[in-house]
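*Asks:* sequence? don't have it. structure:
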């Protein structure tokens, strides 16, 4: 079965009749699964009516100030907001929800502080991005998804996006790649990770010059063949596709990763959709970053050097 | 027995504590209470079991079974119980298997608990450094072992949580959100790695429990806990969760810039016990570190468990027979001055 067909089947199996997606087959509704499910179902051409039903479910999960939370009991866990902005893109019915979420993101940041001279941290702790959770520091993946969401929604020239791009470049490891967001601690350069690297590269495509991320591209191209799990492989393929480097073996890598479900059981919906989007990114034959291709403002260059 | 900076009196108080008690008396006399409550706690007692295990190919299940028995865990306590083993899976790096609890220690623990009557044993982890738990599970070699043994593995980072009031009240966190899976198990066992840590001094069975806090609520890294204070959070999680047992993999530990960038350190031991503070204090002494100088252990003393040598009944090998100094880094504040005198 084609990846397209497989994804269609899985999405149908995981969609709730009242809208939204479950976290895994026979599981519970989850906000992030719903956002990823919408992105995936839009990519494979689901009809407007069913997409709107999914999106409206996501609207119902939005807080009054625009944040989209993991659950109403945990308003501090607002990391799905950027995913919701991406999922609502192109939907007139969701426009006000999307605008509110965008304003929330533009007015929100992590905990930032001036670094003391004796600090063991090498990164610039004052450059603002976005955190996973309220009142914590800004980290790579949430910042990358916010940059993607805001660029796609037409905010590529906003000061917050400019600063977040600088933050991501500052968090790039000297030898290439990104991890969760620490570079050098107590004089030792930390290890890069595929998921951090892929998401950062996807967000920076078209926003920075290639030479600024050359080592990271090299790192990820060297890693991708060995990746067998959906989050690492999915973000890697999305990131490489954004720079026109989707690997020739990409389809086989996705197939191998999908086959690994016999060992790990069904992947959760968010991971599966990310993996599928990474696989489909190679079929698109386009250098335009995947998430930006979904949007109305496809090539908003932010920082050229 | 190794010496300690704080020589303990027969009633379980250190000289320092006696001085503080005296100071508290003066302070109370003047209408002030300046001394933390922990200095007035009743002394506690616990047991720790140390076994020599030179390498991972030995019969670890047998060693753990023996340890559990020597620690007085009765068959009735384990019969029909569902056991959750929480390893220390952080991240993987080429040539650095000493970052994570060795898969064969987990295999040994699974076999031991099943042999002793547990109805089910599962392994569960929520790594703080990596969003991709399955990648750590696979690249650490644990997936091969557990798949072969048909033991379930659960990714704690994405499991919907349930809230408990923060019983430790050391940080400003009013509640803690644990994975819902914990409501379905009877015993939680911390299967940690013996390592130095550049923020906390050491990471052993207590610090290992950071990994039970789901990433969807605490982030990657679990920065909510860092903001609340690493030491406060260690104490809060342990006080609230009340884990049942600890096994520390010190066959090959990590010294220097732990928990990920340090060097391998062969010690050749497994350390076990029902009380995590006592197990960690014993590990510290094996590592040549004074537990009273590791702030969170000192604060846990006689609250979450005893850390005094006189209050911990040592079973198995004597500490002195396996003690080997872990290298510490002077430029790391958490390492300064913690060497056992």
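*Replies:* Cool, got the structure. All values reported here derive from a predicted model rather than from experimental measurement. Numbering: from 1, shown residues only, chains lettered A, B, ... in the order given.
*Asks:* please identify the buried residues of stretch A:257-275?
*Replies:* A:257-258, A:260, A:264, A:267-275 (16 or more other CB atoms under 10 Å in any protein chain shown). Where C-beta positions appear, they are placed from N, C-alpha and C, glycine not excepted.
*Asks:* need those residues in CSV (columns: secondary structure).
*Replies:* Converted to CSV, the buried residues of stretch A:257-275 look like this (DSSP: H, G, I helix; E, B strand; the rest coil):
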residue, secondary structure
A:257, helix
A:258, helix
A:260, coil
A:264, helix
A:267, coil
A:268, coil
A:269, helix
A:270, helix
A:271, helix
A:272, helix
A:273, helix
A:274, helix
A:275, helix
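*Asks:* residue of chain A closest to chain B, please.
*Replies:* When scored by CB to the nearest CB, chain A has residue A:132 as its residue closest to chain B, at 3.4 Å.
*Asks:* skip the chain neighbours and tell me the closest residue to that residue.
*Replies:* residue B:219 (3.4 Å; CB to CB, 6 or more residues apart in numbering or on different chains).
*Asks:* okay, now the domains of chain B?
*Replies:* B:1-40, B:43-335 (automatic domain parsing).
*Asks:* state the pLDDT value of residue 87.
*Replies:* This is for chain A. Looking at residue A:87, its pLDDT reads 96.
*Asks:* was after chain B, sorry
*Replies:* Per-residue confidence (pLDDT) for residue B:87: 98.
*Asks:* again, but for residue A:47
*Replies:* For residue A:47, the model assigns a pLDDT of 88.
*Asks:* equivalent analysis for residue B:17, please.
*Replies:* Value for residue B:17, per-residue pLDDT: 50.
*Asks:* likewise for residue B:95?
*Replies:* Residue B:95 is assigned 87 on the pLDDT scale.
*Asks:* helix or strand for it, which one?
*Replies:* Assigned by DSSP states H and E, residue B:95 falls within no helix or strand.
*Asks:* just give me the neighbour total for it.
*Replies:* Residues lying near residue B:95 (other CB atoms under 10 Å in any protein chain shown) number 6.
*Asks:* again, but for residue B:79
*Replies:* Based on other CB under 10 Å, the number of other residues close to residue B:79 is 11.
*Asks:* now do the contacts for residue 255.
*Replies:* By default, I'm working from chain A. If you count contacts by CB atoms under 8 Å, 6 or more residues apart in numbering or on different chains, residue A:255 has none.
*Asks:* look at chain B instead
*Replies:* With contact set as CB under 8 Å, 6+ apart, residue B:255 has these partners: B:195-196, B:262-265, B:287, B:326-328.
*Asks:* pick out whichever of the residues you listed sits closest to chain A.
*Replies:* residue B:262 (9.3 Å).
*Asks:* these two touch, right, residue A:43 and residue A:278?
*Replies:* No - taking contacts as CB atoms under 8 Å, residue A:43 lies outside contact range of residue A:278: 11.0 Å.
*Asks:* okay, those two: which has more neighbours?
*Replies:* residue A:278 (31 against 20).
*Asks:* quick check: that one vs residue B:326, distance?
*Replies:* 42 Å (CB to CB, to the nearest Å).
*Asks:* before we move on, back to that, residue A:253 is nearest to which of the domains of chain B?
*Replies:* Closest of the domains of chain B to residue A:253 is domain B:43-335, at 13.7 Å (criterion: CB to CB).
*Asks:* JSON lines for the contacts of residue B:255, including neighbour count, secondary structure and pLDDT?
*Replies:* Listed next are the contacts of residue B:255 as JSON lines, based on neighbours: other CB atoms under 10 Å in any protein chain shown; DSSP: H, G, I helix; E, B strand; the rest coil; pLDDT from 0 to 100:
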{"residue": "B:195", "neighbour count": "31", "secondary structure": "strand", "pLDDT": "98"}
{"residue": "B:196", "neighbour count": "28", "secondary structure": "strand", "pLDDT": "98"}
{"residue": "B:262", "neighbour count": "23", "secondary structure": "coil", "pLDDT": "97"}
{"residue": "B:263", "neighbour count": "15", "secondary structure": "strand", "pLDDT": "97"}
{"residue": "B:264", "neighbour count": "14", "secondary structure": "strand", "pLDDT": "98"}
{"residue": "B:265", "neighbour count": "21", "secondary structure": "strand", "pLDDT": "98"}
{"residue": "B:287", "neighbour count": "28", "secondary structure": "coil", "pLDDT": "98"}
{"residue": "B:326", "neighbour count": "27", "secondary structure": "coil", "pLDDT": "98"}
{"residue": "B:327", "neighbour count": "14", "secondary structure": "coil", "pLDDT": "98"}
{"residue": "B:328", "neighbour count": "21", "secondary structure": "coil", "pLDDT": "98"}
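*Asks:* next one: phi and psi at residue A:184?
*Replies:* Reported as degrees, to the nearest 10, the phi and psi values for residue A:184 are phi -130, psi 130.
*Asks:* same deal with residue B:102?
*Replies:* Torsion angles, degrees, to the nearest 10, at residue B:102: phi -70, psi 140.
*Asks:* understood, closing this out.
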